[in-house]
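J.: fold the following.
(one chain, ligands or ions: 1)
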Amino acid sequence: MNLSWRDVIDILAVATVLYYTYGLLAETRAMNLVRGLIVYVLVWFAAEQLGLTTLSWLLGNAATLGMFALIVVFQPELRGVLERLGRGRLRENRLDVEAARELLRAVERMAARRLGAIVALERRTPLGEYAVTGEVLDARVSARLLETLFTVGTPLHDGGAIMRGRRLVAAGCVFPLSERDDLKYLGTRHRAAVGLSEVSDAFVIVVSEERGTIRIAERGELSPNLTPSELKDRLREVLDEAL
Ligand SMILES: Nc1ncnc2c1ncn2[C@@H]1O[C@H](COP(=O)(O)OP(=O)(O)OP(=O)(O)O)[C@@H](O)[C@H]1O
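T.: Predicted structure coming up:
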């Protein structure tokens, strides 16, 4: 078989598309779907090969209907992927050192003042669908801005804030609550932090109004109480640079 330069370009292009598609889907709920689809296709293929006509007819027709259902169910993810493609940014949003320092300063002060707060750092999973549940700000992050936003009695203090890189995207946002039974003893602020980290790869910082504690929710897990310097260490993982 002759391999022409066209084939080489073709193979490289397909590999690139698959690589970026994986990068976009990894850590989102769409990844479970991809695994499910692979099993579905394997069963369908086996049914065809074994001549199980009724089963393969059923799976074939269900697949056509299923495509429409998937577009409806995963509309937020699809929109997020297209938005990212449009912005030409397929990579993770990196926090910069300056924004991280401002964030740390704000969290430390809010914990000391017992201002309840919840700040989500967007990474690969787009959080645009949650940003629009609050007030879209698109402001440069500063400690004073964050502290002001979470001051009790102000219109935006209820709900969570979302950071994308060095920008404060929105505040007063409603995050999904975790349904985990073992977290039912927690209040809604902490359950919302865990809930958002279950459906995305966001790094969510929660300051408790009652206790003045700082905790992080990531990948569906809530950390124990952290000191500001422990939070700084954990932030390095998101930052990937010295703080
Ligand atoms: N779905 C949500 N998304 C974002 N923020 C939320 C959500 N639900 C509640 N909150 C925030 O949590 C606050 C209520 O916190 P609550 O006391 O129930 O929780 P908590 O986890 O015990 O927090 P704290 O320790 O600060 O009291 C609300 O005023 C609101 O600001």
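J.: how about the spatially most central residue of the chain: what's its closest non-neighbour residue?
T.: The residue lying closest to the centre of the chain (C-alpha atoms, centre = their mean) is S200, at 2.8 Å. Among residues not flanking S200 along the chain, T125 sits closest, at 3.6 Å (C-beta to C-beta, 6 or more residues apart in numbering). Backbone N, C-alpha and C define where each C-beta goes, glycine included.
J.: before we move on, what about P224?
T.: Once flanking residues are discounted, P224 sits nearest to R215: 7.1 Å by C-beta to C-beta, 6+ apart.
J.: is that neighbour in a bridge, and if so with what?
T.: Assessed by DSSP bridges, R215 has beta-bridge partners V206.
J.: what residues are up against it?
T.: Residues counted as contacts of R215 (C-beta atoms under 8 Å, 6 or more residues apart in numbering) are H190, A193, I205, V206, S208, L222, S223, P224, N225, L226.
J.: can you tell me the helix or strand for A111?
T.: Assigned by DSSP states H and E, A111 belongs to helix 97-113.
J.: CA atoms of that helix as CSV?
T.: The C-alpha coordinates for helix 97-113 follow below in CSV (Å, rounded to 0.1, in the frame of the first residue of the first chain):
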residue,chain,number,x,y,z
VAL,A,97,0.5,35.2,39.8
GLU,A,98,-1.0,38.6,40.3
ALA,A,99,-4.6,37.4,40.2
ALA,A,100,-3.8,34.5,42.5
ARG,A,101,-2.2,36.9,45.1
GLU,A,102,-5.3,39.1,45.0
LEU,A,103,-7.5,36.1,45.4
LEU,A,104,-5.5,34.8,48.4
ARG,A,105,-5.5,38.2,50.0
ALA,A,106,-9.3,38.4,49.6
VAL,A,107,-9.9,34.9,50.9
GLU,A,108,-7.7,35.5,53.9
ARG,A,109,-9.5,38.7,54.8
MET,A,110,-12.9,37.3,54.2
ALA,A,111,-12.2,34.3,56.4
ALA,A,112,-10.9,36.6,59.2
ARG,A,113,-14.0,38.8,58.8
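J.: pairing partners for the very next helix or strand once past it, with directions?
T.: On the C-terminal side of helix 97-113, the nearest following helix or strand under DSSP H and E is strand 117-121. The pairing partners recorded for strand 117-121 under DSSP bridges are strand 160-164 (parallel), strand 203-207 (antiparallel).
J.: would you mind listing what in this protein touches the ligand?
T.: Proximity of the chain to the ligand (C-beta under 6 Å from any ligand atom) is limited to residues 116, 118, 158-160, 174-175, 177, 186-190, 192, 208-211.
J.: many thanks, have a good one.
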